[in-house]
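S.K.: When you get a sec, could you give me coordinates for this:
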Amino acid sequence: MSKIRITKQFSFETGHALYGYDGKCKNVHGHSYKLSVTVIGTPISNTDNVKFGMVIDFGDLKKIVKNEIVDVFDHATVFNKNTPHVELAKELEDRGHNVLLVDYQPTSEMMVIDFANKIKTQLPSHIALHSLKLQETDTSFAEWYASDNNSL
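M.R.: Here you go, the predicted structure:
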């Protein structure tokens, strides 16, 4: 049977700052991110399966991405925990803000790698993550492809 790609799109608001960067993005700022998640698999052929004809139920994919990414990053401010920004993060946390400390520079490029790793571990064994597209503005995005990373 044919392999089919299924894509679901998500939106979330996240702030970040890029420590050591030489432009405006060194300042705390935010984006209205759009994340497109594409998986690949074969439609279920067992007629007794309630998901007959589906590669994956869109609702199941939504649960995975919401749990791993959207619910974690939405309305959070992300800082690299290996920089002096950790002091700012602590101050914000003490004042009740939602802060995430990550072990990478929180660029779109690094975030999309993190997201791919998180999503891959949650997918059913018969489904593979094909690609991710993380859009931070209408004209700027980072893409991750399994084929570029020997992951398919």
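S.K.: Could you find the closest non-adjacent residue to Leu101?
M.R.: Lys81 (3.8 Å; CB to CB, 6 or more residues apart in numbering). C-beta coordinates here come from the backbone N, C-alpha and C atoms, glycine included.
S.K.: ok now do that neighbour, which residues does it touch?
M.R.: Lys81 is in contact with 89, 101-103, counting by CB atoms under 8 Å, 6 or more residues apart in numbering.
S.K.: Scan the residues you listed and report the most crowded one.
M.R.: In terms of neighbours by other CB atoms under 10 Å, the contacts of Lys81 top out with Ala89 at 21 neighbours.
S.K.: Give the helix, strand or coil label for that residue.
M.R.: Here Ala89 is recorded as helix under DSSP: H, G, I helix; E, B strand; the rest coil.
S.K.: what residues are up against the residue nearest to Lys120 when sequence neighbours are not counted?
M.R.: Once flanking residues are discounted, Lys120 sits nearest to Leu129: 4.9 Å by CB to CB, 6+ apart. The contact partners of Leu129, taken as CB under 8 Å, 6+ apart, are 37-39, 116, 119-120, 123, 146, 151.
S.K.: cool, and Met54?
M.R.: 43-44.
S.K.: That one belongs to a helix, doesn't it?
M.R.: No: assessed with three-state DSSP, Met54 is coil; it does not lie in a helix.
S.K.: where's it relative to His126, distance?
M.R.: Distance of Met54 to His126, computed by CB to CB, to the nearest Å: 11 Å.
S.K.: what's the answer for Ser45, then?
M.R.: The spacing between Ser45 and His126, counted by CB to CB, is 11 Å.
S.K.: ok, residues contacting whichever strand or helix holds Val78?
M.R.: Under the criterion of DSSP states H and E, Val78 resides in strand 76-80. For strand 76-80, the external contacting residues (CB under 8 Å, 6+ apart) are 14-17, 19, 28, 30, 85-86, 88-89, 92, 97-106, 111.
S.K.: Quick check, pLDDT for His85.
M.R.: His85 carries a pLDDT score of 88 in this model.
S.K.: packing partners for the helix-or-strand element of the chain with minimal mean pLDDT?
M.R.: Lowest on mean pLDDT, DSSP states H and E among the helices and strands of the chain sits helix 85-94, with a mean of 93. Counting contacts by 3 or more CB pairs under 8 Å, 6 or more residues apart in numbering; DSSP states H and E, helix 85-94 packs against strand 76-80, strand 99-102.
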